[in-house]
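Visitor: sequence and computational prediction follow.
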Amino acid sequence: MPRRSKKIEYQEKVVLWFEIESAKKKTHYCPKSQEYVELIIEGILKKKNINTNKVFLGGEKEGVYRFLSSLIVNYYYRDVCINDITNVFEDDLDFK
């Protein structure tokens, strides 16, 4: 029997609660990415002089999408290897 689709109802606001099941805590754990996100969120809280154990992210969908996507993009590029190679250009007249 075909499944009936429910009519999609508009809601003004939605709260998404993120909770990791204990069985998945070990298998889907990415310490470096979690540390990165923690630094971002803690930095935001610190700037606002806030200490809390619960954080709610909200806003228009597009704003939330952009915030989360910027975390993902920045995480992948934060490990870019940057080396100081100043000594290579010490003898270059344009560098002096």
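Guide: Received, thanks.

Visitor: phi, psi of the most centrally placed residue in the chain?
Guide: The chain has L71 as the residue nearest its centroid, 3.3 Å off, counting by Cα atoms, centre = their mean. With angles defined as degrees, to the nearest 10, L71 sits at phi -60, psi -40.

Visitor: residue contacts, it?
Guide: By Cβ atoms under 8 Å, 6 or more residues apart in numbering, the residues touching L71 are Y36, V37, I40. To be clear about C-beta, it is placed using only N, CA and C from the backbone, and glycine gets the same treatment.

Visitor: test my guess that the first one contacts Y77.
Guide: Put plainly, it is Y36. No: with contact defined as Cβ atoms under 8 Å, Y36 does not reach Y77; the gap is 11.1 Å.

Visitor: what's the spacing between G43 and I50?
Guide: G43 sits 11 Å away from I50, going by Cβ to Cβ, to the nearest Å.

Visitor: about what we covered before: looking at the contacts of L71, which is nearest V14?
Guide: V37 (21.0 Å; Cβ to Cβ).

Visitor: what separates that closest one from N74, distance-wise?
Guide: In terms of Cβ to Cβ, V37 sits 10 Å off from N74.

Visitor: now do the helices in the protein.
Guide: Under the criterion DSSP state H, helices of the chain are mapped to 31-47, 61-78.

Visitor: mean pLDDT for those helices: which is lowest?
Guide: By mean pLDDT, the lowest-scoring of the helices of the chain turns out to be helix 61-78, with a mean of 84.

Visitor: that helix vs helix 31-47, what angle?
Guide: Angle, helix 61-78 to helix 31-47, by axes from the mean of the first three to the mean of the last three Cα atoms, to 10 degrees: 120 degrees.

Visitor: list the buried residues of helix 61-78.
Guide: By neighbour count with 16 or more other Cβ atoms under 10 Å, helix 61-78 contains the buried residues Y75.
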